[in-house]
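Undergrad: here is the input, now give the coordinates:
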Amino acid sequence: MLVNPTVEKLYELRLGGMATALAEQLERPDRYTELDFTARLGLLVDREAQDRDNRRLVRNLKTARLRTPACVEDIDFRRPRGLDRAQILALAQAGWVGEHRDLLISGATGAGKTYLACALAQAAIRRGHRALYWRLPRQLDALRLAHADGTAAALLTSWSRIDLLVLDDLALVPLTTPQAADLLEVIEDRHQRRSTILTSQLPINTWHDNLGDPTLADAICDRILHTATRIELRGESLRRPALSTNDTHAPP
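TA: Prediction:
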């Protein structure tokens, strides 16, 4: 049996992981002589599965368009800002995404809302879910343009299929009635079917007053406030350098 044609055929069949693993076995036969055929075949299959998982992860991270390459392992729990390490590590397991629950994150500018949202989205992607990041003002602008060219329905449908949608910067300014109606469509498509992370500088109990038309605000809040997990960040901006406890110029 000719080896090179076999490797080439594996590549033609898009089994690059198996092809690479086979080449490695042939280059180091001494490492595999004690393994029977089934064991060696199993190693080839495992490599192919790993290779596909890695490609899927890279693809999903790219299409998620996360604002920052954040990860849970790099979250700073040392500064007191209302973060519960146990809660965050539990959320990083992404069980809530599989259960189609939502997450609300609030806090002042620089508190780390976007970083936390992206870190949890990345954790969900690493566990096989698809995610997508949008700054809400830009998403609503994209929808406005889509209404004009007739593609809004298709756009909403594509978003409704994403396992985890991150909507950053909710209600930086009060929404107009059309914007509130569009946000309701996005939320309604996902309610109890997919998961959403919403972040805002505003305290969660004030969101209703900044969602435009009261009737639309009622409908939006009814779908996102009652069953979602809440994280309310406190403290100074993380963009300020942390002062050492030994710094004589540190404020009291």
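Undergrad: need the contact list for the residue nearest to the spatial centre of the chain.
TA: The centre of the chain sits closest to residue 121, judged by C-alpha atoms, centre = their mean, with a distance of 2.0 Å. For residue 121, the contacting residues are 64, 66, 131, 133, 164, 166, 197, by C-beta atoms under 8 Å, 6 or more residues apart in numbering. Any C-beta I mention is one placed from the backbone N, CA and C, and that applies to glycine too.
Undergrad: contact partners of the helix or strand harbouring the fourth one?
TA: I take that to be residue 133. According to DSSP states H and E, residue 133 maps onto strand 131-135. For strand 131-135, contacts defined as C-beta under 8 Å, 6+ apart pick out 60, 63-67, 117-118, 121-122, 124-125, 142, 159, 162-169.
Undergrad: heading C-terminal from that strand, find the next helix or strand.
TA: Counting by DSSP H and E, what follows strand 131-135 is helix 136-149.
Undergrad: what helices or strands is that next one leaning on?
TA: Applying 3 or more C-beta pairs under 8 Å, 6 or more residues apart in numbering; DSSP states H and E, we find helix 136-149 packed against helix 152-160, strand 164-168, helix 177-190.
Undergrad: pLDDT below threshold where in the protein?
TA: For the chain, the stretches with pLDDT under 70 are 1-3, 235-252.
Undergrad: state the distance from the residue nearest to the centre of the chain to residue 162.
TA: Note on residue 121: its distance to residue 162, by C-beta to C-beta, to the nearest Å, is 10 Å.
Undergrad: cool, residue 88 as well?
TA: 22 Å.
Undergrad: and residue 127, by the same measure?
TA: 15 Å.
Undergrad: more crowded one of those two?
TA: Neighbour totals were compared for residue 127 and residue 162, and residue 162 leads with 18 against 15 (other C-beta atoms under 10 Å).
Undergrad: what is the neighbour count of the closest residue to that one other than its chain neighbours?
TA: Residue nearest to residue 162 in three dimensions, not counting chain neighbours: residue 132, with 4.7 Å by C-beta to C-beta, 6 or more residues apart in numbering. Close neighbours of residue 132, defined as other C-beta under 10 Å, add up to 20.
Undergrad: check residue 92 too.
TA: Residue 92 is flanked by 19 other residues according to other C-beta under 10 Å.
Undergrad: I'd say it and residue 123 touch.
TA: Yes: here residue 92 lies in contact with residue 123, judged by C-beta atoms under 8 Å, at a distance of 4.1 Å.
Undergrad: what sits against residue 165?
TA: Residues near residue 165 by C-beta under 8 Å, 6+ apart: 131-132, 134, 159, 186, 190, 194-197.
Undergrad: export those residues to JSON lines and append columns for distance to residue 52.
TA: Converted to JSON lines, the contacts of residue 165 look like this (distance: C-beta to C-beta, whole Å):
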{"residue": "131", "distance to residue 52": "19"}
{"residue": "132", "distance to residue 52": "21"}
{"residue": "134", "distance to residue 52": "28"}
{"residue": "159", "distance to residue 52": "26"}
{"residue": "186", "distance to residue 52": "31"}
{"residue": "190", "distance to residue 52": "28"}
{"residue": "194", "distance to residue 52": "24"}
{"residue": "195", "distance to residue 52": "24"}
{"residue": "196", "distance to residue 52": "28"}
{"residue": "197", "distance to residue 52": "27"}
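Undergrad: now flag whichever of these is closest to residue 224.
TA: Distance to residue 224 across these (C-beta to C-beta) is lowest for residue 196, with 7.3 Å.
Undergrad: tell me the most buried of the helices and strands packed on helix 136-149?
TA: Stretch with highest mean neighbour count among the helices and strands packed on helix 136-149: strand 164-168 (a mean of 25; mean count of other C-beta atoms under 10 Å).
Undergrad: what about the strands in this structure?
TA: 103-106, 131-135, 164-168, 195-200, 229-232 (DSSP state E).
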